[in-house]
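Undergrad: Quick one: sequence plus predicted model below, questions after.
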Amino acid sequence: MAQLYFYYSAMNAGKSTHLLQSAYNYNERGMQCVLFTAKLDDRYQQGKITSRLGIDADAQLFDETTDLYQALCHANETAKVDCLLVDESQFLTEAQVKQLTDVVDFLKIPVLAYGIRTDFLGNTFTGSAALLAWADKLIELKTICHCGKKANFVARIDESGKAVTAGEQVEVGGNDRYESLCRKHFKALVW
């Protein structure tokens, strides 16, 4: 039975690695996966999902105008699609998350969405909030704070290591701009 899965975590928990492993497992069994990633995430090569471990795969790009349901209908016409995998799902719109539920409910294709739950101020991303509300399964992937406790939050840091507490919700970056922290250390740094 197809379901919508939301795999969420702070940064550096291995979301992209897990997604790529899932795609590999499907492909190894002769099954067809469609992969999507956010167009605005240009840290690596556009049109690729890249893990910090050095593995990658080609992916289609989505932005706020992409109709994921129609994209899957079209893909399913040329070859049977067995799974949809979405990286950087925090950047989905609420409408796109509902499109993913249609992929599951009407096309009967499982959807695995991977993303960060909250932004650098501890606020939920639109896509993540909708996935938390609409997903059939919520799976937390864990990473750790510098103190060894589970990291639930991501702080944006400047060049001197100080917390950035204002600005646009979305600013693409990696370990040079963001740090995963437990709640206690997030509050100490950001509040």
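TA: Structure's in. What do you need? Numbering: from 1, shown residues only.
Undergrad: Does the spatially most distant residue from the centre of the chain lie in a helix or a strand, and which?
TA: Ranked by distance from the centre of the chain (Cα atoms, centre = their mean), the top residue is residue 160, with 27.8 Å. For residue 160, there is no helix or strand it lies in under DSSP states H and E.
Undergrad: Just the pLDDT for it.
TA: The score at residue 160 is 87. That number is its pLDDT.
Undergrad: Ok, residue 74 next?
TA: If you check residue 74, the pLDDT there is 95.
Undergrad: which residues of the chain score low on pLDDT?
TA: Scanning the chain for pLDDT under 70 picks out 41-44, 173-175.
Undergrad: which residue is nearest the centroid of it?
TA: residue 115 (2.4 Å).
Undergrad: looking at this, it is in a strand?
TA: Yes: assigned with DSSP: H, G, I helix; E, B strand; the rest coil, residue 115 falls within a strand.
Undergrad: I figured it was touching residue 15, is that so?
TA: Yes: between residue 115 and residue 15 there is a contact at 7.1 Å, judged by Cβ atoms under 8 Å. Every C-beta, even on glycine, is put in place using the N, C-alpha and C of the backbone.
Undergrad: Need the overlap of contacts for the two.
TA: Between them, residue 115 and residue 15 have 7, 8, 87 as joint contacts when contacts are counted by Cβ atoms under 8 Å, 6 or more residues apart in numbering.
Undergrad: related to what we said a few turns ago, quick check: the residue nearest to the centre of the chain vs residue 47, distance?
TA: Distance, residue 115 to residue 47, by Cβ to Cβ, to the nearest Å: 18 Å.
Undergrad: and if you look at residue 91?
TA: 15 Å.
Undergrad: Among those two, which residue is more densely surrounded?
TA: When neighbours are counted by other Cβ atoms under 10 Å, residue 91 and residue 47 differ, and residue 91 comes out ahead with 25 against 14.
Undergrad: Tell me the bridge partners for residue 8.
TA: With DSSP bridges applied, residue 8 shows beta-bridge pairing to residue 115, residue 140.
Undergrad: list the buried ones in stretch 48-68?
TA: Across stretch 48-68, burial judged by 16 or more other Cβ atoms under 10 Å covers 49, 50, 51, 57, 59, 62, 66, 68.
Undergrad: Give me the subset of those residues lying in helices.
TA: residue 68 (DSSP state H).
Undergrad: Columns distance to residue 191 on top of the buried residues of stretch 48-68, output as CSV?
TA: Listed next are the buried residues of stretch 48-68 as CSV, based on distance: Cβ to Cβ, whole Å:
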residue, distance to residue 191
49, 34
50, 33
51, 32
57, 39
59, 36
62, 33
66, 36
68, 36
